[in-house]
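1. Generate coordinates for the sequence data below:
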Amino acid sequence: MEGKKDRVLIIGATGYLGRRLVKASMDLGHPTFVLYRPEIASDAEKVQMLIGFKMQGATLLQGSFEDHESLVSALKKVDVVVSAVAGNHLRHAILEQTKLIEAIKEVGTIKRFLPSEFGMDVDRMEHAIPPGDYIFTDKRLIRRAIEAANIPYTYVSANCCAGYFLAALAQVGHFMPPTDSAMIYGNGDKKCIWVDEDDMAMYTMMSVDDPRTTNKTIYFRPRGNILSQMEVVQIWEELIGKELKKSFLSQEEWLGTMEKLPPPLQIGVAHLYQIFYHGDLEFEVEGPHGVDSQDLYPDYKYVTAEEYLKRFA
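-> Next up, the predicted model:
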């Protein structure tokens, strides 16, 4: 008989990935708890989302990083904590998790903590260029604080969200694939790892009570989705039966666009540079501290790049 499922607390549950984590947690049978801030009461959309979670079986808990006692109270009700707090454009927002770490230390019963990451492996990104480097730096600081506190952890390297990368063939500021022309980074030959957000959530929640992921980084690497930008463009061209006009941007041209853009988009330019020019996703998982999602869950049916793009064809 299958053992009792761990109770999971999800922080940042109304966010882009957080809402998917809630669904995946409940789909896998975890007693699921959602922490929400008091001020969310003024946001009609998020309130309705929370009520939806509750109607599906989640338990709602009010609390915030600013209220230590509320964190301690919530943590005493669960076994695992998954944080999906936003950190894209809010400088140092990720560091707010230090307050959560202090509460986890005080409670002393949390079996696993998954901090907010869900992108590239931050310990491989010490060479990242500004302004994209700060988010990696902050996430590394959180990792080191977790380790110093001897809190059991799993770090999630989810790579590239399909909705932000794959949907538009990596065209900045767009979220649907182009039908006439596409901008190609360099020669378009650097490999990217394109992952559907629902798959990200499911891989994450499968790992929370998997002993093979304890104190390790799990890399989401669905084999069929390790593709170059040009390979993705070619998949789209075959789906629509049309060849796109392509503009090939050199590294210098791409970085030269940065100063013309507002800060949030400058971060995007820097991160795309790391992936499509520097090739920072072109590595194999090795060593004692990393595990590959495909090795752990070979039977999981992930959404392929072609299946994802068919939605738009």
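2. Buried residues, stretch 132-151. List them.
-> 132-139, 141-143, 145-146, 151 (16 or more other Cβ atoms under 10 Å). Heads up, the C-betas are built off the backbone N, CA and C, glycines and all.
3. Format those residues as JSON lines; extra columns: distance to Met206.
-> Below are these laid out as JSON lines (distance: Cβ to Cβ, whole Å):
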{"residue": "Gly132", "distance to Met206": "29"}
{"residue": "Asp133", "distance to Met206": "31"}
{"residue": "Tyr134", "distance to Met206": "31"}
{"residue": "Ile135", "distance to Met206": "25"}
{"residue": "Phe136", "distance to Met206": "25"}
{"residue": "Thr137", "distance to Met206": "29"}
{"residue": "Asp138", "distance to Met206": "27"}
{"residue": "Lys139", "distance to Met206": "22"}
{"residue": "Leu141", "distance to Met206": "27"}
{"residue": "Ile142", "distance to Met206": "22"}
{"residue": "Arg143", "distance to Met206": "21"}
{"residue": "Ala145", "distance to Met206": "26"}
{"residue": "Ile146", "distance to Met206": "21"}
{"residue": "Ile151", "distance to Met206": "20"}
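4. quick one: which of those is nearest Val232?
-> Gly132 (21.5 Å; Cβ to Cβ).
5. need the contact list for Gln251.
-> By Cβ atoms under 8 Å, 6 or more residues apart in numbering, the contact set of Gln251 is Gly186, Tyr273, Tyr277.
6. Tell me the spacing between it and Met202.
-> Going from Gln251 to Met202 by Cβ to Cβ, to the nearest Å gives 35 Å.
7. got it, and Ile94?
-> Counting by Cβ to Cβ - Ile94 and Met202 are separated by 23 Å.
8. cool, and Ala167?
-> Counting by Cβ to Cβ - Ala167 and Met202 are separated by 19 Å.
9. Show me which of these two is the more surrounded one.
-> Legend: neighbour count by other Cβ atoms under 10 Å for Ala167 and Met202, higher for Met202 (24 against 19).
10. Just name the shakiest helix or strand of this protein by mean pLDDT.
-> Within the chain, no helix or strand scores below helix 263-276, which has a mean of 93 by mean pLDDT, DSSP states H and E.
11. Tell me the helices and strands packed up against the helix or strand following that helix.
-> Remark: after helix 263-276, the chain's next helix or strand is strand 290-292, criterion DSSP states H and E. Judged by 3 or more Cβ pairs under 8 Å, 6 or more residues apart in numbering; DSSP states H and E, strand 290-292 is in contact with strand 216-219.
12. For the strand it packs on, which strands pair with it and how are they oriented?
-> Counting by DSSP bridges, the strands paired with strand 216-219 are strand 154-157 (parallel), strand 290-292 (parallel).
13. check contacts around Asp209.
-> Lys5, Asp6, Val80, Lys111, Arg112.
14. let's see it at 10 Å
-> Asp209 makes contact with Gly3, Lys5, Asp6, Val8, Leu28, His30, Asp79, Val80, Lys111, Arg112, Thr154, according to Cβ atoms under 10 Å, 6 or more residues apart in numbering.
15. Just put the residues you listed in CSV and tack on pLDDT, distance to Glu197 and neighbour count.
-> CSV is the format used below for the contacts of Asp209 (pLDDT from 0 to 100; distance: Cβ to Cβ, whole Å; neighbours: other Cβ atoms under 10 Å):
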residue, pLDDT, distance to Glu197, neighbour count
Gly3, 73, 29, 6
Lys5, 95, 23, 16
Asp6, 98, 23, 15
Val8, 98, 18, 27
Leu28, 98, 16, 15
His30, 98, 19, 23
Asp79, 98, 25, 19
Val80, 98, 20, 23
Lys111, 98, 25, 15
Arg112, 98, 22, 22
Thr154, 98, 18, 24
